[in-house]
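**Student:** Provided below for reference: sequence and predicted model.
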Protein chains: 2
Amino acid sequence: MDNPTCSCFLLHEDIVEKAKKALPDENKLMDLADLFKVFGDSTRIKILYLLSVNEMCVCDIANLIGLSQSAISHQLRVLKQAKLVKYRREGKVVFYSLDDDHVSSIIKQGLEHINE
Amino acid sequence: MDNPTCSCFLLHEDIVEKAKKALPDENKLMDLADLFKVFGDSTRIKILYLLSVNEMCVCDIANLIGLSQSAISHQLRVLKQAKLVKYRREGKVVFYSLDDDHVSSIIKQGLEHINE
DNA sequence: TTATCATATGAACAATTGTTCATATGTAAT
DNA sequence: ATTACATATGAACAATTGTTCATATGATAA
């Protein structure tokens, strides 16, 4: 009840205590938000969706999505850092694919929400 | 193979065709990205997590998270627009709660990815 | 009515982000 | 070696976003 950070006062201490205990620690919540941030861009969602169909090279992805090779490469970097995609090199061509089974199921859950 | 949008050429037409057919239309992908964008902020994730434990008033949320009432109110607006939370009024106090079963499962999937 | 409390909203500002452009790196073929 | 092609990277810029501050709205009690 002391030091309310907002202009109002703590009203329901029991509920607040219970919720405070259930809340994961700051770092984990940050990581979680960062993960969803990666899904929260239409270019990256498109890339992930495409890769859920087939592994694919940078060039094909760029042509399918209609953005520059550079833009796609930058985004693949983000996806790689989030451990959502992996890649393999074959000569000059680099093939990307999903690195994780969760990717598809997260997208699927999201679509279910969209479709009411 | 015509009109490559990037500097390189379409290499794998069969795969590209297959993926193009599987890809949902532009608007749906936009909505999907917008949905995840809402999850992609630590303040909003915290709010959603708290509400998965209990319905809660704006004031309690603000105090638990340690941000101003205004900041929380702005974010609740975003969550409301995304149909992720609903509210009920009781006198001067407004209680928010999750509007959708998917919210918890999306968060759960995300956490599973985080935990490797 | 007036005062008070909980919440909502608008403007403003700093910080973050996604793209393009130019260029670098890496690989293979000539 | 040199050329060509696929991909990666850095700088720059416009656009978006999250917070604060100030203020408005809505509800209850005095």
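**Tutor:** Structure's in. What do you need?
**Student:** Please enumerate the strands of chain A.
**Tutor:** Under the criterion DSSP state E, chain A contains strands at A:56-57, A:85-90, A:93-98.
**Student:** Including distance to B:Ser68 and mean pLDDT, could the ones you listed go into a markdown table?
**Tutor:** (Each C-beta comes from the backbone N, C-alpha and C, glycine too.) Converted to a markdown table, these look like this (distance: least, C-beta to C-beta, whole Å; pLDDT from 0 to 100):
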| stretch | distance to B:Ser68 | mean pLDDT |
| --- | --- | --- |
| strand A:56-57 | 45 | 96 |
| strand A:85-90 | 38 | 97 |
| strand A:93-98 | 40 | 97 |
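**Student:** okay, those, which one's buried deepest?
**Tutor:** Most buried of the strands of chain A, by mean neighbour count (mean count of other C-beta atoms under 10 Å in any protein chain shown): strand A:56-57, with a mean of 21.
**Student:** and that strand, which strands flank it?
**Tutor:** strand A:93-98 (antiparallel) (DSSP bridges).
**Student:** and the partner strand with DNA strand D, contact?
**Tutor:** Yes. Strand A:93-98 reaches DNA strand D (C-beta under 7 Å from any atom of the strand) through A:93-95.
**Student:** re earlier: present the strands of chain A as JSON lines; the columns should include distance to A:Gly66.
**Tutor:** Below are those laid out as JSON lines (distance: least, C-beta to C-beta, whole Å):
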{"stretch": "strand A:56-57", "distance to A:Gly66": "15"}
{"stretch": "strand A:85-90", "distance to A:Gly66": "20"}
{"stretch": "strand A:93-98", "distance to A:Gly66": "17"}
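**Student:** which stretches of chain A have low pLDDT?
**Tutor:** The model of chain A has pLDDT under 70 over residues A:1-10.
**Student:** Of the strands of chain A, which is nearest DNA strand C?
**Tutor:** strand A:85-90 (6.1 Å; C-beta to the nearest atom of the strand).
**Student:** So what touches that closest one?
**Tutor:** Outside strand A:85-90, the residues that touch it by C-beta atoms under 8 Å, 6 or more residues apart in numbering or on different chains are A:47-48, A:51, A:55, A:76, A:79-80, A:94-99.
**Student:** Need the max-distance pair from the residues you listed.
**Tutor:** A:Leu48 and A:Val94 (16.6 Å; C-beta to C-beta).
**Student:** show me the contacts for A:Ala71.
**Tutor:** A:43, A:62.
**Student:** do A:Val53 as well
**Tutor:** Counting by C-beta under 8 Å, 6+ apart, the residues that A:Val53 touches are B:18-19, B:22-23.
**Student:** Quick one: buried ones out of these?
**Tutor:** By neighbour count, with 16 or more other C-beta atoms under 10 Å in any protein chain shown, those hold B:19, B:23 as buried.
**Student:** Export the contacts of A:Val53 to TSV and append columns for distance to DNA strand C.
**Tutor:** TSV is the format used below for those (distance: C-beta to the nearest atom of the strand, whole Å):
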residue	distance to DNA strand C
B:Lys18	23
B:Ala19	18
B:Ala22	20
B:Leu23	15
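**Student:** which pair in the contacts of A:Val53 spans the largest distance?
**Tutor:** Top of the distance list for the contacts of A:Val53 (C-beta to C-beta): B:Lys18 and B:Leu23, 10.0 Å.
**Student:** Thanks a lot, see you next time.
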